[in-house]
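*Asks:* Sequence below, structure please.
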Amino acid sequence: MSQKLFQKGFVPLNIAVLTVSDTRSEEDDGSGKLLVERVEQAGHKLQEKVITKDDIYAIRAVVSKWIYEPETHAVLVTGGTGFTARDSTPEAVKPLLDKEIEGFGELFRQISVRDIGTSTMQSRALAGFANATVIFCMPGSTNACATAWDELIRLQLDSETAPCNFVSVLVNK
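*Replies:* I've put the predicted structure just below:
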């Protein structure tokens with residue numbers, strides 16, 4: 001491992017945010033706005049924010065572009081993780097992943113049960129790595145995004161989180 005991995009101090013990341021929705025616009029995209037605010041408050045740089053329709057190929061096109069770009073460290077996807085006929089985020093993103101982070105979906109549902117009870121089993125939240133970029137897919141509700149960022153994602157994208165975090169993998173592409 002390089003010496004860079006053992007340095008102390010916060011490392012800002014370039015993070016892209018994708019809202020998957022057939023109905024949202026920039027004016028009423030509460031979940032996307034929340035994620036942008038949280039990213040910037042944490043000291044990271046917003047790389048880009050996009051809203052795309054809930055379509056497998058539209059989602060893949062946006063995510064593929066970001067994971068191809070070496071300057072993109074993380075992608076946050078909100079929406080399209082439920083069970084309606086139009087919910088296709090997991091089907092769009094999963095084939096792009098080199099490695100899945102099973103613990104993200106497991107922990108997200110475990111934490112969410114206190115807020116929404118057994119309805120949390122309907123969440124198909126997932127995460128993984130593609131081309132040394134971490135991707136987190138979470139439900140479209142603002143509360144779900146707050147839970148995912150505040151209790152899981154923020155800490156794993158913070159180079160000062162011990163005993164481990166994802167930053168060393170992301171900045172050494």
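
*Asks:* Give me the secondary structure label for Cys137.
*Replies:* When classified by DSSP: H, G, I helix; E, B strand; the rest coil, Cys137 comes out as strand.

*Asks:* who's it bridged to?
*Replies:* Val77, Leu126 (DSSP bridges).

*Asks:* Equivalent analysis for Asn14, please.
*Replies:* Residues in beta-bridge contact with Asn14 (DSSP bridges): Lys45.

*Asks:* who touches it in this structure?
*Replies:* Taking Cβ atoms under 8 Å, 6 or more residues apart in numbering, we find Asn14 in contact with His44, Lys45, Gln47, Glu71, Thr72, His73, Ala74. Yep, even glycine has a C-beta here, placed from its N, CA and C like the rest.

*Asks:* Would you check which pair of those lies furthest apart?
*Replies:* His44 and Glu71 (12.5 Å; Cβ to Cβ).

*Asks:* hang on, the earlier thing: buried subset of the contacts of Asn14 as a PyMOL selection?
*Replies:* Filtering the contacts of Asn14 down to the buried ones (16 or more other Cβ atoms under 10 Å) takes a single PyMOL command:
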select buried, resi 44+47+72+73+74
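
*Asks:* Where do the helices of this structure begin and end?
*Replies:* For the chain, applying DSSP state H gives helices covering 30-41, 56-68, 89-93, 102-116, 142-148, 154-156, 167-171.

*Asks:* Tell me how far the last one lies from the chain's centre.
*Replies:* Read that as helix 167-171. Distance of helix 167-171 from its chain centroid, counting by Cα atoms, centre = their mean, to the nearest Å, is 15 Å.

*Asks:* just the contacts of Asn14 now: which is nearest Asp115?
*Replies:* Within the contacts of Asn14, the smallest distance to Asp115 is 24.1 Å, found for Ala74 (Cβ to Cβ).

*Asks:* ok, now which ones touch that closest one?
*Replies:* Leu13, Asn14, Ile15, Ala16, Thr133, Val134, Ile135, Phe136, Leu157, Phe166, Leu170.

*Asks:* need the contact list for Gln156.
*Replies:* Val134, Asn165, Phe166.

*Asks:* and the last one, what does it touch?
*Replies:* In other words, Phe166. Ala74, Val134, Gln156, Leu157.

*Asks:* Quickly note the distance from the second one to Val75.
*Replies:* Counting by Cβ to Cβ, to the nearest Å, the separation of Val134 from Val75 is 7 Å.

*Asks:* same question, the last one
*Replies:* The span separating Leu157 from Val75 equals 11 Å under the rule Cβ to Cβ.

*Asks:* shared neighbours of the two, which are they?
*Replies:* With Cβ under 8 Å, 6+ apart as the test, Leu157 and Val75 both reach Ile15, Val134.

*Asks:* Noted, bye for now.
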